[in-house]
Structures are given as structure tokens and as C-alpha cells.
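Participant: model the following, please.
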Amino acid sequence: MISIAHQWQRLTQFLARSPGAGASLSKEYRTWRQQFIRDRLQLAIWIALGFLVIIAGLNLGMLLPAMERRGEVDEFLNSDRFWLLLWALLITPALGLMVTWLMLRYVLPIQRVKVAFLGYSIALVWVPQIYFTLRGEAFLDFGVWLIFFTLQALLIPVKWTWHLLSQGLALGLLMASAAIFNLRVFDIPEGMGWLA
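Facilitator: Here you go, the predicted model:
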């Protein structure tokens with residue numbers, strides 16, 4: 001029986017192979033690729049910040065008038081739930097993206113772009129998930145995941161193993177928090193979730 005560690009090692013060796021049946025990548029290409037990823041990641045961060053603002057505006061634009069018709073606006077705006085949503089879904093991810101951008105721009109050497117690439121995912125997907133896990137919910141927002149992972153893949157297509165790692169870790173965090181803590185997936189009715 002082959003162990004999981006052996007299978008993992010084989011998978012990582014397969015993923016680490018460069019294209020061209022063992023041909024090594026030139027130093028110029030590696031330098032260009034790192035600079036390309038760095039530039040595109042900076043662009044992805046700024047686009048993601050814009051999307052966060054747009055998504056927040058759209059959500060408030062739809063939610064507040066509906067609540068105003070029912071007379072619930074003041075209660076919601078003064079509730080802990082509103083401030084949690086504001087911090088978890090807008091402020092903290094935006095701050096995380098800004099820290100990632102600053103690290104990418106001023107702190108990290110060009111060889112450490114992978115750290116910023118993962119920081120992008122951590123800021124946008126992990127931070128809200130951790131907030132909701134601490135509140136006893138497993139948070140799943142397919143719309144945000146679709147937008148940001150697609151943006152990441154379209155702007156930075158040269159390192160698909162990083163995409164696999166980034167998305168796999170995010171999905172693993174969601175599933176682990178839902179399974180280990182027996183959490184209900186946020187906004188999915190009872191009986192319709194994968195843990196039902």
C-alpha cells in the first residue's frame with residue numbers, strides 16, 4: 001500500500017516539472033516571469049479593492065431600501081451583525097490587500113512573490129472565513145470566490161501550481177471549519193448543505 005506521503009511527494013514532483021520534458025527554464029525567463037507575476041499581482045490587488053467597494057455598495061444599495069420599507073434599518077445598522085459583516089467582508093480584506101500590496105511593492109524581494117500571491121487569497125477568502133468560523137458559521141460566498149479566483153487566473157496565468165495551492169487551501173479551510181466545528185454553511189438553508 002502506497003502511503004499518502006509518498007503520493008504527495010510524487011504529486012509535488014510532477015507539479016514542479018518544467019514544461020518541455022525536463023528542459024530547464026532560462027534565467028532570463030524566470031526573471032521575466034517573477035516580474036510579470038509581481039506586476040500582474042499588483043493590478044489584481046487594485047482591481048480586487050475596486051470590486052470590494054462595488055460589492056459593498058451593491059449589497060447596501062439593495063439591503064437598506066428593503067429594510068427601510070419594513071422599518072428595520074436602524075436595528076440592523078446598530079446590530080453586531082452589521083459591524084461583523086462590515087469588518088469581515090470589507091474592511092479587513094481591504095486592509096489585508098493593502099498590506100499585501102505594500103509588502104509586494106516595498107518589502108518582499110522579487111523571488112518571494114509567491115508569499116504575496118498567497119496573501120491575496122488569505123486577505124480575500126481566509127479572513128472572512130476565520131471571522132465567521134469564530135462566530136460559529138462556515139461562510140461560503142461563491143460569487144466572491146468566482147470573481148477573485150477568476151481574476152487571479154486571468155491576470156497571472158504562468159504559475160498554475162500556485163493557483164491550485166491557493167484555491168485548494170481556501171476550499172480546505174472552508175470544509176475543515178464546517179466539518180470539524182460542525183458548522184452550518186452561511187446562507188444555505190438547512191438540509192441543502194453538503195453536511196446535511
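
Participant: what count of nearby residues applies to His163?
Facilitator: 16 (other CB atoms under 10 Å). Where you see a C-beta, it was placed from the backbone N, CA and C, and this is true even at glycine.

Participant: what residues are up against it?
Facilitator: Shown in contact with His163 (CB atoms under 8 Å, 6 or more residues apart in numbering): Phe149, Gln152, Ala153, Ile156.

Participant: so which of these are in helices?
Facilitator: Phe149, Gln152, Ala153 (DSSP state H).

Participant: which one of the contacts of His163 sits closest to Arg105?
Facilitator: Nearest to Arg105 among these, counting by CB to CB, is Ile156 at 16.2 Å.

Participant: how about Thr92: what's its closest non-neighbour residue?
Facilitator: Nearest residue to Thr92 in three dimensions, chain neighbours excluded: Val127, at 5.0 Å (CB to CB, 6 or more residues apart in numbering).

Participant: PyMOL command for the buried members of the contacts of His163?
Facilitator: Typed into PyMOL, the next command selects the buried ones out of these (criterion: 16 or more other CB atoms under 10 Å):
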select buried, resi 149+152+156
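
Participant: would you reformat the contacts of His163 as a markdown table and include distance to Leu43 and pLDDT?
Facilitator: Shown next, in a markdown table, are the contacts of His163 (distance: CB to CB, whole Å; pLDDT from 0 to 100):
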| residue | distance to Leu43 | pLDDT |
| --- | --- | --- |
| Phe149 | 16 | 82 |
| Gln152 | 11 | 84 |
| Ala153 | 13 | 84 |
| Ile156 | 9 | 84 |
